[in-house]
Structures are given as C-alpha cells and as structure tokens.
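*Asks:* I'd like to go over a predicted model; first the sequence, then the structure.
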Amino acid sequence: MNLKSPVVVKLGGSLLALPDLAERLEVVVSLLRPHRVLIVVGGGAAADEIRRLDDGACLTATQAHWSAIAAMTFNAATLARVCGCLPVVSNRINADTAWQTKNAVLLDPTAFLRDEEAQHSRSLPESWSVTSDSIAAFVAIHWPAKQVVFCKSCDLTGPHIEGLCQDGLLDKWLPNLFTQLQQSGVRLQWLNLRAAMPRLQPFGEPDSSQSL
C-alpha cells in the first residue's frame, strides 16, 4: 500500500449546500485513512451560472472552460474557510508540505491545470463535456494517484462508466479517459455523501455492450 500516492476525492458541487458538509467530509477522510486525500471541488451553482451566461452571451470555448474551472477554485477557497482545517494547495510540493500535518487538502484546479498545460503540455478539451468529473480523473492520472472517489448525491446505479454518463451522473468526456485510468492503475469508487451511512462502492468496468 503506497501511502504517498493520494486518493483524489471529487466533491460534487451540489453537495456544497449540505449544512453538515464539514462533518460528512470528516467521515470520507476517515474511510480513506491512512491515505492522503486530495479534494477536487465541483463548480456547482457557480458553474451553472457560467453555463447560463454562455448560452446568452456566446462566450468562447476557452472563456467558458476556464471560467468554470475558476468557479471550482472559488468553491475550494470557500470550503477551506467553512471547514477551517482544509488548506488549499496548487501543486504537488504545496500538497506534500500540507500533508505533513493534515490528512486532507483542497486542490486549486486553475493553478494545477495551468501548470500542467505549461510545463507538460497536458490538457483537457475546452468543452462543456468536460466537468469536474473528468478534471478529477485527469488529476489522478497525472499527479499520480491510485484511486478516485466520486462523492455524489445519489447511489451508484451501475458498474459501467458509459451507462453512468448516459444517465447524466458523470460527465460525457470521462469515457475518453478510461484507458488512461486503467493503464495508470487508478481505481474508481462511488460514494453517496447524502446517505445516512456513506460507503465506498467500486465501479468502472467497461461496458461490453458498447464494444460489440
């Protein structure tokens, strides 16, 4: 068990409205202990507002993409203030320093993705098909991490990424990252954070019906 390889936790933006979110996040961190935890916060209502503005104001793909990521960064900073004990980090060095005293940290996705693009020519498409789901998977592949936990507002409905994407429970770009996730040995897990007793559920088996 490589404890230096973190677990990426994607926190759905809709979960930011939970009045007991801090306590529920403590449960998630406890479930994943002793692993280090790297939290990627979704854009939530802020990203939805950018999407609405894009529909009316015709933002460029680049403007819409990075504005939505900026919403994720804003939400991470807000959550850090609410929780008090979760620092925001922008790169691997910052995270390693913070993990010396904290079990979990929040990622500034704007800083991380800009650096990955500039330093390593790694990027995601500038499209609304890419949301924080794919961003969390991208982070896990390139950090690297060995596990991504998708914290959602509902139970897992099936084992296949394609079906979950078709149902709107994961973003449409994620299947394009599946091969890289497999090659990198990244495990995928689901957690309904609104459940009375949240539990981790593995998923991510390829849908054989899609390859016929």
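*Replies:* Looks like it arrived, so ask away. Numbers count the residues shown, from 1 in each chain.
*Asks:* what mean pLDDT would you report for stretch 120-132?
*Replies:* Averaging pLDDT along stretch 120-132 yields 97.
*Asks:* what about the nearest residue to residue 53 once chain neighbours are set aside, how many neighbours?
*Replies:* Nearest residue to residue 53, sequence neighbours excluded (CB to CB, 6 or more residues apart in numbering): residue 59, at 6.7 Å. Yep, even glycine has a C-beta here, placed from its N, CA and C like the rest. Residue 59 is flanked by 17 other residues according to other CB atoms under 10 Å.
*Asks:* Then residue 203?
*Replies:* 18.
*Asks:* try residue 83
*Replies:* Residues lying near residue 83 (other CB under 10 Å) number 17.
*Asks:* what's next to the helix of greatest length in the chain, contact-wise?
*Replies:* Across the chain, the helix with the greatest residue count (assigned by DSSP state H) is helix 61-83. Residues from elsewhere that reach helix 61-83 (CB atoms under 8 Å, 6 or more residues apart in numbering): 11, 13, 16, 21-22, 25, 39-44, 46-47, 49-51, 54, 59, 86-88, 106-111, 113, 126-128, 130-132, 135.
*Asks:* Take those residues and keep only those in helices.
*Replies:* Among the contacts of helix 61-83, the members found in helices (DSSP H) are 21-22, 25, 44, 46-47, 49-51, 54, 109-111, 113, 132, 135.
*Asks:* report the angle between the axes of the helix-or-strand element of the chain with minimal mean pLDDT and helix 61-83?
*Replies:* Within the chain, no helix or strand scores below helix 44-57, which has a mean of 89 by mean pLDDT, DSSP states H and E. Interaxial angle of helix 44-57 relative to helix 61-83 (axes from the mean of the first three to the mean of the last three CA atoms, to 10 degrees): 160 degrees.
*Asks:* if we look at helix 44-57, which residues are touching it?
*Replies:* 12-14, 16, 43, 59, 64, 67-68, 71-72, 74-75, 128, 131.
*Asks:* Centre of the chain to stretch 9-25, how far?
*Replies:* Offset of stretch 9-25 from its chain centre (CA atoms, centre = their mean, to the nearest Å): 12 Å.
*Asks:* okay, and for the chain, where does confidence drop off?
*Replies:* 1-3, 206-212 (pLDDT under 70).
*Asks:* same thing but 50
*Replies:* Under the criterion pLDDT under 50, the flagged ranges of the chain are 1, 208-212.
*Asks:* where along it do the strands fall?
*Replies:* In the chain, the strands defined using DSSP state E lie at 7-11, 37-41, 88-89, 104-107, 147-152, 187-192, 201-203.
*Asks:* closest one to residue 169 among those strands?
*Replies:* strand 147-152 (6.7 Å; CB to CB).
*Asks:* Which residues does that closest one contact?
*Replies:* 7-12, 15, 28, 32, 35, 133, 136-137, 140, 169-170, 181, 186-193, 200.
*Asks:* Let me know the angle separating that strand from strand 7-11.
*Replies:* Using the same axes, to 10 degrees: strand 147-152 against strand 7-11 is 20 degrees.
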